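Participant: How does the following fold in three dimensions:
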Amino acid sequence: MKNDKYYFTYIGTNHSRHTVLYTGISNNILNRGNQHKIKLNKNSFSAKYNINKIVYYEPYNDVRDAITREKEIKGWTRKKKIELIKSINPDWIDLVRKTFG
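Facilitator: Next comes the predicted model:
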């Protein structure tokens, strides 16, 4: 199990109002969450819209599965994404901080 590699499909949002939902993938969800918080790329979509917490994620062993799921979720309506988030995280807490921080 120590050689297992994980990839995460995730949804991030802004802290106070949850006005923007950002769907992405990462092989290091803790690092990615921190990159969003510090706005590593100041010109990125996530920096512009203040994506600073991850409210949903799914782990995968195969990067292709994570990419497929990311594309699927990106094609959904906002309402469907919110339902997905609320199914595991009704309070919209920062899951990276709770799980890994």
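Participant: now the helices for the chain?
Facilitator: Along the chain, counting by DSSP state H, helices occupy 29-38, 45-48, 63-74, 78-88, 95-100.
Participant: For the shortest one, the averaged confidence score.
Facilitator: Helix 45-48 shows a mean pLDDT of 77 in the predicted model.
Participant: Also stretch 82-91?
Facilitator: 97.
Participant: How far does it sit from its chain's centre?
Facilitator: Remark: stretch 82-91 is offset 13 Å from the chain centroid, using C-alpha atoms, centre = their mean, to the nearest Å.
Participant: cool, and stretch 59-69?
Facilitator: Stretch 59-69 sits 13 Å away from the centroid of its parent chain (C-alpha atoms, centre = their mean).
Participant: what comes up buried for it?
Facilitator: Residues 60, 66, 69 are the ones in stretch 59-69 that count as buried (16 or more other C-beta atoms under 10 Å). (Glycine included, C-beta is placed from N, CA and C.)
Participant: which one of these is nearest Lys86?
Facilitator: Arg69 (18.0 Å; C-beta to C-beta).
Participant: Report the contact partners of that closest one.
Facilitator: Residues near Arg69 by C-beta atoms under 8 Å, 6 or more residues apart in numbering: 9, 58, 60.
Participant: Tell me how far Asp94 lies from Leu40.
Facilitator: Shown here: Asp94 relative to Leu40, a distance of 17 Å by C-beta to C-beta, to the nearest Å.
Participant: of the two, who's got more company?
Facilitator: Legend: neighbour count by other C-beta atoms under 10 Å for Asp94 and Leu40, higher for Asp94 (18 against 13).
Participant: now that one: how far from Thr19?
Facilitator: Using C-beta to C-beta, Asp94 is found at 16 Å from Thr19.
Participant: what's the answer for Lys74, then?
Facilitator: Taken as C-beta to C-beta, the span from Lys74 to Thr19 is 17 Å.
Participant: So between the two, which is more surrounded?
Facilitator: Counted by other C-beta under 10 Å, Lys74 and Thr19 do not tie: Lys74 has more neighbours, with 14 against 9.
Participant: Skip the chain neighbours and tell me the closest residue to the more buried one.
Facilitator: Excluding the flanking residues, the one nearest Lys74 by C-beta to C-beta, 6 or more residues apart in numbering is Thr23, at 4.9 Å.
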